[in-house]
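Participant: Dropping a prediction and its sequence here:
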Amino acid sequence: MTELTPRQVVAELDKYIVGQKDAKRAVAIALQNRIRRLKLDDEMQQEVKPKNLLMIGPTGVGKTEIARRLATIAQAPFVKVEATKYTEVGYVGRDVESMVRDLVENSIRIVKEQQHELVHDEAEAKAINRIAKVLRPGQKVEKAKPANNNLGFPNFQEMFSQFGQGKAEEEEEVVTDEVASSRRQIRQQIRDGLLDNHEITIQIEEKKMSLGSINPAMEQMMEMQDSLNALRPTKKIERTLTVKEALTLLTEEEADKLVNQDDINQKALKLAEERGIIFIDEMDKIASKNQNSGEVSRQGVQRDILPIVEGSRVQTKYGYIDTDHILFIGSGAFHTAKPSDLIPELQGRFPIRVHLNDLTKDDFVRILTEPKNALIKQYQALLATDGVEVLFTDDAIEKMAEYAVDLNESTDNIGARRLHTILESLLEEILFEATDMQMGTITINEAYVVDKLDKIVENKDLSHFIL
Ligand SMILES: Nc1ncnc2c1ncn2[C@@H]1O[C@H](COP(=O)(O)OP(=O)(O)OP(=O)(O)O)[C@@H](O)[C@H]1O
């Protein structure tokens with residue numbers, strides 16, 4: 001895996017996030033420091049403590065977005081959690097270690113996807129084969145039964161067959177040359193996508209539902225259930241789908257058989273350990289120095305978080321994970337509580353502090369248009385699916401940015417999130433009509449923006465709900 005330099009990381013972040021230069025630099029440095037520390041010998045590693053980061057800034061200015069993009073750039077497992085969701089050990093609620101378990105789940109997904117990618121062609125070939133067999137079955141003949149064992153032992157094979165998958169095993173398929181040749185043709189047709197919409201009924205393995213972790217006791221129960229499930233033969237269920245859907249499902253099922261689950265688990269644990277990023281939002285809400293009743297439990301949460309951030313071993317259903325190299329990014333507005341209101345040990349674990357700025361009108365103009373996934377581009381792409389081309393004049397975009405600033409000042413300051421609600425209200429009519437009407441090209445100018453938004457903005461009660 002090639003590592004990007006801090007400068008390259010910032011350049012990548014620039015593609016998606018407007019401004020916030022200091023924050024981008026800080027996360028790039030934090031990422032590089034982790035790589036540097038991993039290269040040290042063991043003794044030195046113990047001396048150099050991990051340097052986590054605290055992002056301080058109002059809501060909706062890009063804190064989460066920076067962390068999330070950073071994870072994508074670094075190909076790192078990522079979770080976002082809210083500090084206020086946790087309660088002290090012993091109370092009902094999520095225990096703090098679950099953030100590490102969630103990170104591992106995310107890592108498992110990443111590694112599984114990578115491994116599936118490696119065996120994709122082989123898995124797809126097998127899936128195509130299975131579909132061809134369903135579409136052109138051979139002749140079924142009854143299988144000769146094995147002679148009964150005369151030793152008086154129960155026949156385990158027959159007993160197992162009662163668990164659901166016995167029937168098929170009693171029949172054998174005779175594949176004539178004609179069937180084989182017809183299947184060859186079908187396989188080609190599937191590859192060419194000619195049968196995509198054709199419906200078929202297939203047998204697939206029933207997926208075990210995985211509920212998110214709730215608390216340790218519940219998790220243990222679910223893990224026991226998982227182990228029991230693993231002992232039972234997988235149950236097959238019948239589903240009617242299009243060939244295209246069946247191909248996706250069966251390719252996934254075949255890929256599952258081709259990859260080594262233990263291998264995935266080990267790789268995922270290592271990936272989470274060395275590259276994981278945990279974003280803890282609302283850190284300010286658990287900060288407080290006072291010892292009165294409500295605050296005790298907040299401090300409790302801080303104390304629970306501390307060992308994880310300091311580096312400890314956490315048990316997950318895939319094995320133990322060391323949290324020593326996980327990068328923690330704390331975040332919060334810190335309007336009333338200050339970082340210095342956190343317990344000292346925790347303050348020490350988040351030594352890099354960075355302030356994010358309030359967004360200005362110019363920032364809003366840029367956010368609307370510049371990033372790779374800019375909101376205007378998103379709406380244009382959505383409406384293009386209905387054959388509608390939407391153009392925005394420069395003054396229309398300026399006007400939207402102006403409304404965003406005004407509304408953030410006069411109601412709540414929700415940062416760039418304001419742009420989402422503004423665009424949704426602005427385009428409501430077009431979004432409703434576009435599918436029915438051949439609208440061709442629509443140009444949105446300043447007058448259109450004023451016409452659509454002024455009515456709502458003037459009515460303070462209404463704008464609280466809509467914009
Ligand atoms: N500087 C920015 N550049 C581009 N988009 C931004 C920027 N700031 C915010 N956004 C957009 O606004 C939305 C909210 O931003 P984000 O989730 O990062 O907020 P936040 O600062 O983490 O706030 P909170 O603490 O409330 O979670 C996202 O859709 C994000 O893409």
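Facilitator: Thanks, I have the structure now. Since the model is a prediction, treat every value here as computed from it, not as a measurement. Numbers count the residues shown, from 1 in each chain.
Participant: For the closest residue to Leu195 other than its chain neighbours, list the residues it contacts.
Facilitator: Excluding its sequence neighbours, the residue lying closest to Leu195 (C-beta to C-beta, 6 or more residues apart in numbering) is Val243, at 4.4 Å. Any C-beta I mention is one placed from the backbone N, CA and C, and that applies to glycine too. Listed by C-beta atoms under 8 Å, 6 or more residues apart in numbering, the contact partners of Val243 are 131, 190, 195-200.
Participant: which one of these is nearest Val27?
Facilitator: Nearest to Val27 out of the contacts of Val243 is Asp196 (C-beta to C-beta; 43.2 Å).
Participant: Next up, the contacts around the closest one.
Facilitator: For Asp196, the contact set (C-beta under 8 Å, 6+ apart) comprises 242-244.
Participant: Roughly how far does the residue nearest to Leu195 sit from the ligand?
Facilitator: Separation of Val243 from the ligand (C-beta to the nearest ligand atom, to the nearest Å) stands at 37 Å.
Participant: State the distance from that residue to His198.
Facilitator: When distance is defined by C-beta to C-beta, to the nearest Å, Val243 is 5 Å away from His198.
Participant: What is the nearest of the contacts of Val243 to the ligand?
Facilitator: Using C-beta to the nearest ligand atom, Asp196 comes nearest to the ligand of the contacts of Val243, at 34.5 Å.
Participant: Distance of Val61 relative to Met55?
Facilitator: Counting by C-beta to C-beta, the gap from Val61 to Met55 is 9 Å.
Participant: Now the common contact residues for these two.
Facilitator: Common neighbours of Val61 and Met55, using C-beta under 8 Å, 6+ apart, are Leu356.
Participant: These two: who's more crowded?
Facilitator: Each of Val61 and Met55 has its neighbours counted (other C-beta atoms under 10 Å); Met55 has more, 29 against 26.
Participant: coming back round to it: can I get the buried ones among the contacts of Val243 as something I can paste into ChimeraX?
Facilitator: Listed next is the ChimeraX selection for buried residues among the contacts of Val243, using 16 or more other C-beta atoms under 10 Å:
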select :131,190,195
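Participant: Columns pLDDT on top of the contacts of Val243, output as JSON lines?
Facilitator: Below are the contacts of Val243 laid out as JSON lines (pLDDT from 0 to 100):
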{"residue": "Ile131", "pLDDT": "91"}
{"residue": "Ile190", "pLDDT": "89"}
{"residue": "Leu195", "pLDDT": "83"}
{"residue": "Asp196", "pLDDT": "87"}
{"residue": "Asn197", "pLDDT": "87"}
{"residue": "His198", "pLDDT": "86"}
{"residue": "Glu199", "pLDDT": "88"}
{"residue": "Ile200", "pLDDT": "86"}
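Participant: residues contacting the residue in the stretch 251-400 of the chain positioned nearest to the ligand?
Facilitator: Closest approach between the stretch 251-400 of the chain and the ligand, counting by C-beta to the nearest ligand atom: Ile367, at 4.4 Å. By C-beta under 8 Å, 6+ apart, the residues touching Ile367 are 18, 359, 374-375, 416, 419.
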